[in-house]
Structure formats: structure tokens, C-alpha cells
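Colleague: coordinates only, no sequence provided:
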């Protein structure tokens, strides 16, 4: 029981922190008026979204790993045997969670990279400056929460499986 509370607390706090940091980064990202042009060359100072994005990425990783440890702990528990896991719902939720998590990490990492300082003539890619589009950090927050929700769905699907030895259905007395 303590393990469940500990994992749930860690996942909730780090998942909420990751989403909040992403939303803050959305408001603190570089704007169009931050761009500086020198003829054909551009430069862009580092925005506060860079640090917020890194903190969000670390929080998201922590939440995803903690949530998955909790699910794998439940799967490997003595209470649940492999043959009791006849449905694939928990595994489907885990797979979906990891796919969404990877997309969120790629999106967030790209936005973080664009939020770094882009010096004159260096830029982000091929000497050109790029700005993070509106909604990228917010989308990362949504995807991160969706990934964690999928892991929680997996944990709930596992908890639906009753331990071996417990009756699956109530015995109905034969009245005939």
C-alpha cells in the first residue's frame, strides 16, 4: 500500500510539474520582436523557455519512469500470475504511453533547442534563426499528461485482474 501511495505521489507531482513548466515555457518563449537582423544575418537571444523546457523534460522523464516502474512492479507481483492476464489491455496502454511519450519528448526537445541562443550567422539550422511556434510547449504538456494517463490506465487495468484463488464469479445455487 505504501508503495502505491509513493509511486502515485511521485507521478502526480512530477507529471503536474512537467505540464506546468511547459505552460510557463509557452509564455516565456522568444517572440518575433526578439529577433535581430544584420543585413541577411539574424540572431536570437536565449529565452527563459530554454531552462523551463529542460526542467519540464526532466520532470516528464521522471514521471514516465516512475509510472512504468509502478506498473511493472504490479505485473511482476506474486498476486498476479501471467495466465491471469488474459487480456492485452494493460500492455496496449503501456505501448500507447511510450509512443505518446516519445512524440512529446521529440516535440519538447526541438522546442528547447530552438529556445537556445542563436548567435549571428550561426542560427539554429544552416545559419537561419527559428522561433518556436505557438502551442508547441502546450502540446508537449498535453502529450505528456496523455502519456501518463495511459500508464495510469494500464495500472488500473492490471488492478482489475483478481489474484489467483479468488472466485471469478459468485456461485449461483442450483434451485432445480
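Modeller: Nice, I can see it. Just so it is clear, the structure is predicted and the values come from calculations on it, not from any experiment.
Colleague: please report how far residue 151 lies from residue 75.
Modeller: Remark: distance between residue 151 and residue 75 (C-beta to C-beta, to the nearest Å) = 12 Å. Every residue, glycine included, has its C-beta placed from N, CA and C.
Colleague: phi, psi of residue 44?
Modeller: Dihedral pair for residue 44: phi -140, psi 130, per degrees, to the nearest 10.
Colleague: ok so, going back, more neighbours: which of residue 151 and residue 75?
Modeller: Between residue 151 and residue 75, residue 151 has the larger neighbour count (other C-beta atoms under 10 Å), namely 26 against 17.
Colleague: distance of that one from residue 73?
Modeller: 12 Å.
Colleague: swap in residue 119?
Modeller: Counting by C-beta to C-beta, the gap from residue 119 to residue 73 is 47 Å.
Colleague: ditto for residue 142
Modeller: Counting by C-beta to C-beta, the gap from residue 142 to residue 73 is 27 Å.
Colleague: try residue 38
Modeller: 56 Å.
Colleague: so between these two, which is more surrounded?
Modeller: Per other C-beta under 10 Å, whichever of residue 38 and residue 73 has more neighbours is residue 73, with 14 against 9.
Colleague: pull the number of nearby residues for residue 27.
Modeller: Neighbours of residue 27 (other C-beta under 10 Å): 11.
Colleague: can you confirm it is in a helix?
Modeller: Yes - read with DSSP: H, G, I helix; E, B strand; the rest coil, residue 27 is one of the residues of a helix.
Colleague: all helices of the chain, in order?
Modeller: Along the chain, counting by DSSP state H, helices occupy 2-28, 49-75, 89-115, 136-159.
Colleague: want to throw those into CSV with distance to residue 42 and mean pLDDT?
Modeller: Output for the helices of the chain, formatted as CSV (distance: least, C-beta to C-beta, whole Å; pLDDT from 0 to 100):
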stretch, distance to residue 42, mean pLDDT
helix 2-28, 20, 86
helix 49-75, 18, 89
helix 89-115, 13, 90
helix 136-159, 20, 88
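Colleague: would you format these as TSV with distance to residue 130 included?
Modeller: Shown next, in TSV, are these (distance: least, C-beta to C-beta, whole Å):
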stretch	distance to residue 130
helix 2-28	16
helix 49-75	13
helix 89-115	5
helix 136-159	11
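Colleague: residue 128: which of those helices is closest?
Modeller: Each of those has some distance to residue 128 by C-beta to C-beta; the shortest is helix 89-115, at 11.2 Å.
Colleague: between that closest one and helix 136-159, how big is the angle?
Modeller: 160 degrees (axes from the mean of the first three to the mean of the last three C-alpha atoms, to 10 degrees).
Colleague: helix 89-115 versus helix 49-75: what angle between them?
Modeller: Using the same axes, to 10 degrees: helix 89-115 against helix 49-75 is 170 degrees.
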